[in-house]
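Participant: need the 3D shape of this:
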Amino acid sequence: MGAGQKNVLLRLTIRHPVRTLTSSEANGLRNRVYAILHQGTEREWAAD
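Facilitator: Residues are numbered from 1 along each chain as shown. Sure, this is the predicted structure:
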């Protein structure tokens, strides 16, 4: 972590209102949120 950064734990619940999401769809959404919020130098992507 860099100076001025804080460590945050975020729980993300990903649900579609009428059907089951595939693992690929859920991981894609998780990765989009991660890319927006993450400020470190190392990234850890969810695999399909």
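
Participant: C-alpha only now, for contacts and for neighbours.
Facilitator: Fine.

Participant: check which helix or strand covers the residue lying closest to G2 once chain neighbours are set aside.
Facilitator: In space, G2 comes closest to G40 once its chain neighbours are excluded; the distance is 7.7 Å by CA to CA, 6 or more residues apart in numbering. Applying DSSP states H and E as the criterion places G40 outside every helix and strand.

Participant: tell me the spacing between G40 and V33.
Facilitator: Per CA to CA, to the nearest Å, G40 is found 14 Å from V33.

Participant: quick one: which of these two has more around it?
Facilitator: Higher neighbour count among G40 and V33: V33, with 12 against 9, using other CA atoms under 10 Å.

Participant: that one in helix, strand or coil?
Facilitator: Following DSSP: H, G, I helix; E, B strand; the rest coil, the label given to V33 is helix.

Participant: and it, what pLDDT?
Facilitator: pLDDT for V33: 92.

Participant: low-confidence stretches in this structure?
Facilitator: Within the chain, the stretches with pLDDT under 70 are 1, 48.

Participant: switch to 50 and redo it
Facilitator: Within the chain, no stretch has pLDDT under 50.

Participant: before we move on, back to that, quick one: the residue nearest to G2 and Y34, what's the gap?
Facilitator: With CA to CA as the criterion, G40 and Y34 are 11 Å apart.

Participant: check A46 too.
Facilitator: Going from A46 to Y34 by CA to CA gives 9 Å.

Participant: equivalent analysis for G2, please.
Facilitator: G2 is 18 Å from Y34, where distance means CA to CA.

Participant: more neighbours: these two, which one.
Facilitator: It is Y34, of G2 and Y34, that has more neighbours when counted by other CA under 10 Å, with 16 against 8.

Participant: against R19, how distant is that one?
Facilitator: Going from Y34 to R19 by CA to CA gives 23 Å.
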